[in-house]
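In: Here you go, sequence then predicted model.
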Amino acid sequence: MPGEGAATGGAKPESPSWLDDLRRLGAGAKELFAAQLSLLSAEIGLARSGIVLMLFMGLAAIVFAVALGFTLLALAGWGLAQWFGSWAWALTVLAALQLVLLIGAILAFRRAMHWLTLPASRAEIASLAREAGRRGKAEGERGE
């Protein structure tokens, strides 16, 4: 069969069709992953821009909320002054109302801080530690 190779001109034998399919599958997977990587990098760039925009808009929202709060406070003071007929009484009532709200906010904050200490979990861990200590002591006495 040495003469056959010369008769075909040394051409490469054809590869099976499943091998061509496998090559096309590999090329398609490579294109897919390249497109996914490109999409991911574009989205990360967009997310970076979004974070900066979120921070600035959050700051703007805080500024506008404080301004709105001052405006509503001024309107409440003006309304109380109209009702009482005296700016002194209006400002006194407004100050008392703000003091009550401030105390309520402080108490709620302290309560939330207490929750952050995980009181039930700490008590349960302490109980488990005491129980383990008792068991260890009892086993130590039995072993001696």
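Out: That came in fine, so what should we check first? Just so it is clear, the structure is predicted and the values come from calculations on it, not from any experiment. Residues are numbered from 1 along each chain as shown.
In: going forward, measure contacts between C-alpha atoms and count neighbours the same way
Out: Will do.
In: Which phi and psi values does the residue most central in space within the chain adopt?
Out: In the chain, the C-alpha nearest the mean C-alpha coordinate belongs to Ile51, at 12.4 Å (C-alpha atoms, centre = their mean). Backbone torsions for Ile51, taken as degrees, to the nearest 10, come to phi -60, psi -40.
In: mind listing what it touches?
Out: If you count contacts by C-alpha atoms under 8 Å, 6 or more residues apart in numbering, Ile51 has none.
In: let's have the chain start at 24 instead
Out: Understood, numbering begins at 24; the last thing we discussed is Ile74.
In: burial of Leu96, as a residue count?
Out: By other C-alpha atoms under 10 Å, the residues close to Leu96 number 14.
In: Roughly how far does it sit from Leu124?
Out: Shown here: Leu96 relative to Leu124, a distance of 13 Å by C-alpha to C-alpha, to the nearest Å.
In: coming back round to it: got the confidence number for the residue nearest to the centre of the chain?
Out: Turning to Ile74, the model gives it a pLDDT of 92.
In: The one 4 residues further on too?
Out: Among the per-residue scores, Leu78 holds a pLDDT of 95.
In: Downstream of the one helix or strand it maps to, the next helix or strand is which one?
Out: In this structure, Leu78 sits in helix 40-107 according to DSSP states H and E. The first helix or strand that comes after helix 40-107 along the chain, using DSSP H and E, is helix 110-139.
In: C-terminal to that following helix, what's the next element?
Out: The element immediately downstream of helix 110-139 (helix or strand, assigned by DSSP H and E) is helix 142-166.
In: Let me know the average pLDDT across that next one.
Out: On average, helix 142-166 scores 86.
In: next one: stretch 87-102
Out: When pLDDT is averaged over stretch 87-102, the result is 96.
In: Can you show me the CA trace of stretch 133-144 as CSV?
Out: The C-alpha trace of stretch 133-144 is given here as CSV (Å, rounded to 0.1, in the frame of the first residue of the first chain):
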residue,chain,number,x,y,z
ARG,A,133,-30.5,51.9,72.4
ARG,A,134,-32.9,49.0,72.1
ALA,A,135,-31.5,48.2,68.6
MET,A,136,-28.0,48.3,70.0
HIS,A,137,-29.0,45.8,72.7
TRP,A,138,-30.3,43.5,69.9
LEU,A,139,-26.9,43.7,68.2
THR,A,140,-25.3,42.1,71.3
LEU,A,141,-27.3,38.9,70.5
PRO,A,142,-28.6,38.5,74.1
ALA,A,143,-30.4,35.2,73.6
SER,A,144,-27.5,33.6,71.7
